[in-house]
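Student: Need coordinates for the following:
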Amino acid sequence: MWRNTLLAACVALTSPLLLAAPNATTKQEIDHLLSYLEKSRCEFNRNGSWYTSVEASKHLRDKYEYLLKKDWVSNAESFIDRAASKSSMTGQAYQVRCSGQQAVASANWLSSELKRWRQSPRS
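Tutor: Here you go, the predicted structure:
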């Protein structure tokens, strides 16, 4: 009897964690976006200051890890919306500026790459 109760309690406590985890495709898409940003050599504007693509990728990866703990990432779009589009402290939109081009909203830049990547064949 107590074993069944203990087992039921363990399942009840861990089930939300198992259901909340993003699926493999979502993880792959988000990892791609972070890697794409990091390797882009574009600048990233956060709260009025420009950062390197490496710094930006690390910042967004940290935000992603935080959001995972809160179960606030269900797909790549929710990652872009909740972590990669604006500052959670000030609400200011993030921007990306690549060499010789005007700055664009990071949400648009990342969404465009996500769309391109989803349409491209992968081995």
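
Student: Have a look at the protein and report the helix or strand with the lowest mean pLDDT.
Tutor: None of the helices or strands of the chain scores lower by mean pLDDT, DSSP states H and E than helix 2-20, at a mean of 46.

Student: and after that one, which helix or strand comes next?
Tutor: As assigned by DSSP states H and E, the chain's next helix or strand after helix 2-20 is helix 24-40.

Student: May I see the buried residues of that following helix?
Tutor: Thr26, Lys27, Glu29, Ile30, His32, Leu33, Leu34, Tyr36, Leu37, Glu38, Ser40 (16 or more other C-beta atoms under 10 Å). C-beta: built from backbone N, CA, C; applies to glycine.

Student: isn't the fourth one right up against Pro22?
Tutor: So that's Ile30. Yes. Between Ile30 and Pro22 there is a contact under C-beta atoms under 8 Å: 7.4 Å.

Student: Pull up the overlap in contacts between these two.
Tutor: Val73 (C-beta atoms under 8 Å, 6 or more residues apart in numbering).

Student: element containing the residue nearest in space to the middle of the chain?
Tutor: Central residue of the chain (C-alpha atoms, centre = their mean): Phe79, 3.7 Å from the mean position. If you go by DSSP H and E, Phe79 is part of helix 76-79.

Student: what about that helix, distance to the chain center?
Tutor: 6 Å (C-alpha atoms, centre = their mean, to the nearest Å).

Student: Leaving out sequence neighbours, find the closest residue to Ala83.
Tutor: Lys63 (4.0 Å; C-beta to C-beta, 6 or more residues apart in numbering).
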